[in-house]
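In: following is a predicted model, sequence given first.
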Amino acid sequence: MREFPEGAWIEHVSLDVLYKRDNGICQLCLKPCSRRQASRDHRIPIARGGEHSYANVQLAHKLCNSHKGDKLEEEMVIPVPPKLGRKGRTTLS
């Protein structure tokens, strides 16, 4: 379980609700995202004072989210969108 800074605003954010809200589209690379590849991305990272709420969380591929890390969107270079390779493994093309 992730640890949040003391006093941080924490709201339960369901990945299923997020997936439906964002129409299954990664908000970082703007490509379709399978439910299996989906993760929660904090627009303003928790490490930089962002809150854990629907207002600050968006759908992202696990790979895109990992690449973003604790950067703001404008600070990152968008990676090549992930593809599912053989045996369902995420690969870069």
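Out: That came through fine. Numbers count the residues shown, from 1 in each chain.

In: which residues touch the residue minimising distance to the centre of the chain?
Out: Closest residue to the average C-alpha location of the chain: residue 41 at 2.8 Å, with Cα atoms, centre = their mean. For residue 41, the contact set (Cβ atoms under 8 Å, 6 or more residues apart in numbering) comprises 27, 28, 57, 58, 59, 60, 64, 65, 68. The way it works is simple: take the backbone N, C-alpha and C, and place the C-beta from them, glycine included.

In: redo that, cut-off 6 Å
Out: Residues in contact with residue 41 (Cβ atoms under 6 Å, 6 or more residues apart in numbering) are 58, 60, 65.

In: give me the nearest residue to residue 54, chain neighbours excluded.
Out: residue 13 (5.9 Å; Cβ to Cβ, 6 or more residues apart in numbering).

In: quick revisit: looking at the contacts of residue 41, which is nearest residue 32?
Out: residue 60 (12.2 Å; Cβ to Cβ).

In: sec struct for that closest one, please.
Out: strand (DSSP: H, G, I helix; E, B strand; the rest coil).

In: run the chain-centre distance for stretch 52-64.
Out: 3 Å (Cα atoms, centre = their mean, to the nearest Å).

In: and the residue nearest to residue 54, how close does it get to residue 56?
Out: Taking Cβ to Cβ, to the nearest Å as the measure, residue 13 falls 9 Å from residue 56.

In: where does residue 77 land on pLDDT?
Out: We have a pLDDT of 69 for residue 77.

In: swap in residue 39?
Out: According to the prediction, residue 39 has pLDDT 96.

In: and it, how many neighbours?
Out: 18 (other Cβ atoms under 10 Å).

In: that one: which element?
Out: strand 38-42 (DSSP states H and E).

In: and that strand, which strands flank it?
Out: Its sheet considered, strand 38-42 pairs with strand 57-61 (antiparallel) by DSSP bridges.

In: for the very next helix or strand once past the strand it pairs with, enumerate the helices and strands it packs against.
Out: Counting by DSSP H and E, the next helix or strand C-terminal to strand 57-61 is helix 62-68. Secondary-structure packing of helix 62-68 (3 or more Cβ pairs under 6 Å, 6 or more residues apart in numbering; DSSP states H and E): strand 38-42.
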